[in-house]
Structures are given as structure tokens and as C-alpha cells.
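>>> let's see this in three dimensions:
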Amino acid sequence: MHFTKMEGCGNDYIYIDGSKEKVEDKPGLARKLSDRNFGVGGDGIIFINPGKDAEFEMEMYNADGSRSEMCGNGIRCVAKYIHDKGLSKSNPLTIESFGVTRTVDLHLKDDKVETVTVNMGAPILVPEKIPAVPETPGDSVLIDCPLAIDSKTYRITCVSMGNPHAVIFTDDTETVPLEQDGPVIECHERFPNNINVEFVKVVDESHIDMRVWERGTGETLACGTGACASVTACILNGKTGRKVDAKLKGGVINVEWRESDNNIYMTGPAKFVFEGDVEI
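Modelled structure (predicted):
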């Protein structure tokens with residue numbers, strides 16, 4: 001099977017042309033290929049398929065084989081793959097993931113995609129749609145709410161960007177116990193489908209630093225939907241303006257929550273790493 005390794009701010013996935021490669025056990029393949037010692041190595045695998053309601057479909061699996069609804073860094077790389085490999089020269093381009101279509105604008109250099117802007121749609125704040133269970137029944141949003149784990153209590157703001165996120169503000173992202181508390185929060189009983197976890201430090205009104213624990217993968221160098229959720233949480237809590245540079249371990253993602261249409265726009269890089277063939 002032919003594959004292409006790509007990354008967006010260090011969030012790396014294995015990309016497969018679903019129109020050419022037929023795979024029966026996709027979760028099993030994700031676990032096998034994502035292994036950084038015995039496989040290709042990556043945060044998961046993404047199939048690029050012909051679209052139903054859009055030009056193309058992105059079908060994503062995490063490193064543990066679980067299916068994910070959306071990936072911000074992944075969709076930028078899918079857009080680069082489609083354009084640079086000549087599958088389509090449309091610009092803007094439409095890509096669907098888990099039944100939701102998003103429009104992407106390609107920013108080119110020498111006819112190659114350098115960065116991509118994705119209309120991520122409006123953030124979802126209704127608890128049952130995230131999904132997240134309120135501590136107090138009847139709460140319509142989860143902004144700066146308590147979440148008790150073990151002997152400590154975090155203040156969380158919950159947002160869905162097509163997949164669920166819990167954002168926690170901190171004074172120092174380097175010293176947060178991400179590896180200890182990330183998996184506990186991810187699988188907390190208040191999150192029926194588990195959840196992605198972001199620890200965010202506000203630098204100023206237009207800059208944040210953040211680390212992310214991704215559902216089904218662990219800590220990653222970047223998370224596009226996590227950056228969008230984190231900026232949304234910053235705005236909801238009155239901590240930043242509506243256009244913010246989110247600095248992650250792997251790079252910077254620009255996020256803007258526009259008042260004109262209530263949609264989140266995410267801009268960031270997409271790069272090829274290498275490609276090859278693997279026995280499955």
C-alpha cells in the first residue's frame with residue numbers, strides 16, 4: 001500500500017488515497033502504522049476519499065484506532081495533498097469529515113500549497129452537543145466550570161469544533177501535569193465520548209501558549225481544532241481579542257472568531273515529509 005507522511009505544525013499523520021487503496025480493517029491499520037517503533041509512525045491515519053456532499057472526504061483514525069470526527073491540522077494537509085498531487089485545482093476547495101463539509105482556501109507559493117485557511121464553522125457550546133455533562137443539571141453552557149479529578153479541581157470551558165474539547169487556563173504550560181491528568185480528564189465520566197484537553201497560558205490579547213492532550217493519541221505537538229477551541233474559550237472568558245496566534249510545541253496556528261458570520265477561521269502550514277510503500 002502506498003502512503004504519504006505529512007505534518008501540520010508537527011501534528012503528523014499517514015495519508016492514504018482511499019480511491020486507490022482498499023483497506024478492510026482501518027482501525028487495525030491505524031494502530032499498526034502509527035506505531036513509531038514498528039510502523040511508519042504518526043498520530044494516526046487519514047484516508048482521502050471521493051466526497052459525497054463535497055469534492056473530497058477526510059476519514060480520520062487516531063493512533064489507538066478510534067475514529068475522530070475532525071482534525072484541523074489534518075484537513076490542511078488533505079487540502080495540500082489534493083492540490084499538489086493534482087487531484088483537483090479548485091480554490092477554494094470543499095472537504096467533508098464525518099458528514100460535515102468545510103471550505104478551505106489555499107495559499108500558494110510557486111503553485112504549491114504553503115498554508116491553508118479553513119472555515120471551521122461556528123463553535124458548539126451546548127453541553128449535550130459537545131457532548132459534556134454539566135455539574136449542575138440544566139446549565140446551557142460550560143464556561144469556567146469545576147471539574148474534580150482525584151484530589152484537585154480544575155476550571156474548564158468546554159467547546160466542540162466538530163470534536164469535543166476541555167480548555168483549562170494555567171500560568172505555566174511547561175509545568176502542568178499533562179501526562180498525569182490528561183488521560184484522566186480525557187476519560188472522565190462527564191464526557192460520554194471522551195474529550196481532548198488543552199492547557200492554555202494567555203500571553204496577551206492576541207497570543208496564547210498551549211499544550212494539548214489528544215483523545216486517542218496522547219500529547220501531540222499541535223491540534224488545529226484544539227487551537228480553535230482554546231481561542232474560543234479565551235474569548236468567552238474575556239481573556240483575548242477575536243484574532244489570536246496560538247503557539248503550540250510544533251508551531252503557530254492563527255485563529256479568528258469572526259463576528260460577521262460567527263464562524264472560526266483557522267490558518268496554518270501543511271507540509272510533506274516523505275512517502276513510500278508498506279505491506280499490510
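
>>> please name the residues that touch Asn73.
Contacts for Asn73 (C-beta atoms under 8 Å, 6 or more residues apart in numbering) come out as Glu7, Gly8, Cys9, Asn11, Tyr13, Ala222, Cys223, Gly224, Ile253, Gly268, Ala270. All C-beta spots, glycine's among them, are computed from the backbone N, C-alpha and C.

>>> and which of those is nearest to Val176?
Nearest to Val176 among the contacts of Asn73: Cys223, at 15.4 Å, using C-beta to C-beta.

>>> the closest residue to that closest one other than its chain neighbours: helix or strand, and which one exactly?
Using C-beta to C-beta, 6 or more residues apart in numbering and skipping residues adjacent in sequence, the residue nearest Cys223 is Val212, 4.2 Å away. Assessed by DSSP states H and E, Val212 sits inside strand 207-214.

>>> got the buried residues for that strand?
Residues of strand 207-214 classed as buried by neighbour count (16 or more other C-beta atoms under 10 Å): Ile208, Asp209, Met210, Arg211, Val212, Trp213, Glu214.

>>> may I have that strand exported as PDB, CA atoms only?
Listed next in PDB are the C-alpha coordinates belonging to strand 207-214 (Å, rounded to 0.1, in the frame of the first residue of the first chain):
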ATOM      1  CA  HIS A 207      -1.100  35.500  21.800                       C
ATOM      2  CA  ILE A 208      -1.500  32.300  23.700                       C
ATOM      3  CA  ASP A 209       0.800  29.300  24.500                       C
ATOM      4  CA  MET A 210      -0.800  25.900  24.800                       C
ATOM      5  CA  ARG A 211      -0.300  22.200  25.200                       C
ATOM      6  CA  VAL A 212      -2.800  19.500  24.100                       C
ATOM      7  CA  TRP A 213      -3.700  16.000  25.200                       C
ATOM      8  CA  GLU A 214      -5.500  14.500  22.200                       C
END
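
>>> and that strand, what does it pack against?
On a contact count with 3 or more C-beta pairs under 8 Å, 6 or more residues apart in numbering; DSSP states H and E, strand 207-214 meets helix 178-186, strand 196-204, strand 218-220, helix 224-236, strand 243-248.

>>> can you convert those into TSV and add a column each for mean neighbour count and mean pLDDT?
TSV is the format used below for those (neighbours: other C-beta atoms under 10 Å; pLDDT from 0 to 100):
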stretch	mean neighbour count	mean pLDDT
helix 178-186	17	98
strand 196-204	22	98
strand 218-220	19	97
helix 224-236	28	98
strand 243-248	22	98
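
>>> what is the end-to-end distance of stretch 159-169?
End-to-end distance for stretch 159-169, by C-alpha to C-alpha, to the nearest Å: 14 Å.

>>> with adjacent residues omitted, what lies nearest to Ala166?
Spatial nearest neighbour of Ala166, chain neighbours left out: Ile156 (4.6 Å); criterion: C-beta to C-beta, 6+ apart.

>>> domains in the protein, by residue range?
Taking automatic domain parsing as the criterion, the chain consists of the domains 2-119+268-277, 127-262.

>>> so which residues of the stretch 51-200 of the chain form strands?
All strands of the stretch 51-200 of the chain, identified by DSSP state E, counting those that start in this stretch, fall at 56-62, 67-68, 93-97, 100-109, 112-121, 145-149, 152-160, 164-169, 196-204.

>>> packing partners of the last one?
For strand 196-204, the helices and strands in contact under the criterion 3+ C-beta pairs under 8 Å, 6+ apart are strand 164-169, helix 178-186, strand 207-214, helix 224-236.

>>> centre of the chain versus that strand, how much separation?
In this view, strand 196-204 has its centroid 15 Å away from the chain centroid, taken as C-alpha atoms, centre = their mean, to the nearest Å.

>>> paired strands for that strand, with orientation please.
Applying DSSP bridges to the sheet, strand 196-204 is found paired with strand 164-169 (parallel), strand 207-214 (antiparallel).

>>> any idea which of those strands gets closest to Lys129?
Nearest of those (C-beta to C-beta): strand 164-169, 9.4 Å.

>>> residues of that closest one that come out buried?
Buried residues in strand 164-169, defined by neighbour count with 16+ other C-beta under 10 Å: Pro164, His165, Ala166, Val167, Ile168, Phe169.

>>> distance to Gly276 for these - can I get that in TSV?
TSV is the format used below for the buried residues of strand 164-169 (distance: C-beta to C-beta, whole Å):
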residue	distance to Gly276
Pro164	34
His165	33
Ala166	37
Val167	37
Ile168	39
Phe169	42
